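*Asks:* whatever this is, show me its structure:
(one chain, ligands or ions: 1)
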Amino acid sequence: MRRTEQTLVEQMQINDVEIQHRMNLLGLSSQCLASLINYKPLIESAIEKMVDEFYKKQTEVDEISLLIGDADTLTRLRDAQRQYIIDLFCGCYENDYVNNRLRIGMVHKRIGVEPKLYLSAVCTLKELIFDVLRNTIKDHAELNQTLTIIDKLIYFDTTLVFDTYIASLVGEIENAKRRTEVYAKGLEEKVAQRTHELEKLAKLDPLTNLYNRREMQELFQRELARARRQKLPLTIVYFDLDNFKSVNDTQGHLKGDEVLKFIGKYLKKNTREIDIACRYGGDEFCLIMPDCDVENTIAICNKLIVAFEAKYPALHLSFGIISAPLDSTVGAEELINRADRKMYEAKKHQGSHIIH
Ligand SMILES: Nc1nc2c(ncn2[C@@H]2O[C@H](COP(=O)(O)OP(=O)(O)OP(=O)(O)O)[C@@H](O)[C@H]2O)c(=O)[nH]1
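*Replies:* Below is the predicted model of the structure:
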């Protein structure tokens with residue numbers, strides 16, 4: 001159930017038993033409380049003077065004057081205070097009475113009245129009420145008893161005021177905590193996402209979006225170990241553009257970039273998820289093909305040559321292909337060097353060529 005559908009008494013779970021319990025704690029019996037109604041006419045007759053005096057004293061305190069703020073608010077507060085004082089002598093201190101006291105605590109917290117200011121106002125008011133009673137009740141015992149009852153009743157009210165004051169404070173802290181948690185969670189997600197993006201970027205060559213050399217070397221080691229473990233073929237392709245420098249020199253660097261990007265796009269689109277396509281550096285590329293024999297790899301390279309030359313008829317590619325020996329311990333770097341050497345052999349031929 002929403003807070004706005006519940007009275008403060010319900011929210012604070014204060015029922016008749018709890019009210020009685022609080023009265024007992026303060027030694028307030030229904031009989032003595034009932035006696036207060038006898039003084040209601042007296043209090044009503046003195047109410048304007050009491051309220052005048054009360055706000056005269058209150059507005060002398062700068063902090064309180066600042067909190068009250070303007071004449072309209074002061075008028076509203078005077079009405080509320082009038083009612084509050086009369087209610088002290090209403091003779092009935094049940095649900096509605098308690099609810100009104102609880103509201104005072106909530107309102108005071110909301111407008112930022114500190115406990116010290118609230119308590120000083122309570123003292124002022126009590127003294128004003130006491131003065132009226134002292135001036136009227138001549139019987140000493142009766143006067144003492146009445147003052148004691150009023151004193152305890154004001155304590156009773158104050159406990160209620162502080163209950164909602166504290167509850168509001170706790171509510172604000174919980175809200176702030178919730179907001180901080182939501183903010184921190186959002187931040188954490190952003191950082192995780194950004195870290196993931198940066199990690200991904202750190203593995204890629206920015207121009208072609210293929211793996212960079214460092215990442216390829218790591219992935220290749222893993223694939224080589226797996227191929228040897230599972231006795232599955234693994235081929236290594238090293239290829240390079242022929243006379244690429246002349247593209248830059250004659251058509252400009254941007255054109256050169258475009259050619260390199262074409263290879264990146266083609267490889268990304270035409271290789272499997274498990275293949276490791278890498279820009280090794282400059283115009284040199286490396287392709288690690290797990291679970292793929294040399295024949296299949298040659299077919300894949302030939303398709304690349306066809307696509308590439310269709311786009312750039314004046315340009316050619318040279319390929320070196322080797323199959324990783326499964327029953328030897330030759331390392332990943334040496335295998336790449338072997339493929340590279342084959343590529344250099346291929347370069348000696350006119351046009352695109354594959355050596356394996
Ligand atoms: N446009 C562009 N050019 C690059 C990039 N990285 C390296 N290059 C150029 O690639 C060229 C490679 O030159 P070389 O290593 O002599 O290779 P080549 O001209 O293809 O000669 P061969 O390999 O012998 O056929 C150099 O001119 C580099 O400046 C790049 O990111 N973009």
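*Asks:* could you use CA atoms for every contact and neighbour count after this?
*Replies:* Noted.
*Asks:* following the helix or strand containing Lys49, which helix or strand comes up?
*Replies:* Element membership for Lys49 (DSSP states H and E) is helix 40-60. The C-terminal neighbour of helix 40-60 among helices and strands, as given by DSSP H and E, is helix 62-68.
*Asks:* what is that next one packed up against?
*Replies:* With contacts defined as 3 or more CA pairs under 8 Å, 6 or more residues apart in numbering; DSSP states H and E, helix 62-68 has these neighbours: helix 40-60.
*Asks:* which outside residues touch the helix it packs on?
*Replies:* Here helix 40-60 makes contact (CA atoms under 8 Å, 6 or more residues apart in numbering) with 64-65, 78, 81-82, 85-86, 89-90, 121, 124-125, 128-129, 132.
*Asks:* how much space separates the residue of the stretch 1-150 of the chain found nearest the ligand from Thr136?
*Replies:* Distances between the stretch 1-150 of the chain and the ligand by CA to the nearest ligand atom are smallest at Arg2, namely 63.0 Å. Here Arg2 is placed at a distance of 48 Å from Thr136 (CA to CA, to the nearest Å).
*Asks:* more neighbours: which of those two?
*Replies:* With other CA atoms under 10 Å as the criterion, Arg2 and Thr136 differ in neighbour count, and Thr136 comes out ahead with 12 against 6.
*Asks:* show the pLDDT at that one.
*Replies:* Note for Thr136: predicted pLDDT of 94.
*Asks:* residues in a beta bridge with Arg322, which ones?
*Replies:* One correction, residue 322 is Ile, not Arg. Ile322 forms beta bridges with Ile236, as assigned by DSSP bridges.
*Asks:* okay, now it: neighbour count?
*Replies:* By other CA under 10 Å, the residues close to Ile322 number 21.
*Asks:* and the pLDDT for it?
*Replies:* The predicted local confidence for Ile322 comes out at a pLDDT of 96.
*Asks:* tell me the contacts of it?
*Replies:* With CA under 8 Å, 6+ apart as the criterion, the residues that contact Ile322 are Thr235, Ile236, Val237, Val294, Leu335, Arg338, Ala339, His356.
*Asks:* the chain: strands as residue ranges?
*Replies:* Applying DSSP state E to the chain gives strands spanning 234-241, 276-281, 284-290, 317-323, 353-355.
*Asks:* name the helices or strands packed onto the second one?
*Replies:* Same thing as strand 276-281. Secondary-structure packing of strand 276-281 (3+ CA pairs under 8 Å, 6+ apart): helix 213-230, strand 284-290.
*Asks:* 6 Å instead?
*Replies:* Strand 276-281 makes packing contacts with strand 284-290 when contacts are defined by 3 or more CA pairs under 6 Å, 6 or more residues apart in numbering; DSSP states H and E.
*Asks:* what's the spacing between the strand it packs on and its chain's center?
*Replies:* Relative to its chain's centre, strand 284-290 lies at 43 Å (CA atoms, centre = their mean, to the nearest Å).
*Asks:* now do that strand: everything it contacts.
*Replies:* Leu234, Thr235, Ile236, Val237, Tyr238, Phe239, Asp240, Asp275, Ile276, Ala277, Cys278, Arg279 (CA atoms under 6 Å, 6 or more residues apart in numbering).
*Asks:* from the ligand, how far out is the second one?
*Replies:* It refers to Thr235. For Thr235, the distance to the ligand (CA to the nearest ligand atom, to the nearest Å) stands at 22 Å.
*Asks:* how is this structure partitioned into domains?
*Replies:* According to automatic domain parsing, the chain comprises the domains 3-181, 213-355.
*Asks:* nearest to Thr195, out of those domains?
*Replies:* Set against Thr195 and scored by CA to CA, those come closest in domain 213-355, at 16.8 Å.
*Asks:* for that closest one, measure first residue to last.
*Replies:* Its first and final residues considered, domain 213-355 spans 22 Å by CA to CA.
*Asks:* cool, stretch 312-319 as well?
*Replies:* Using CA to CA, the end-to-end distance of stretch 312-319 comes out at 17 Å.
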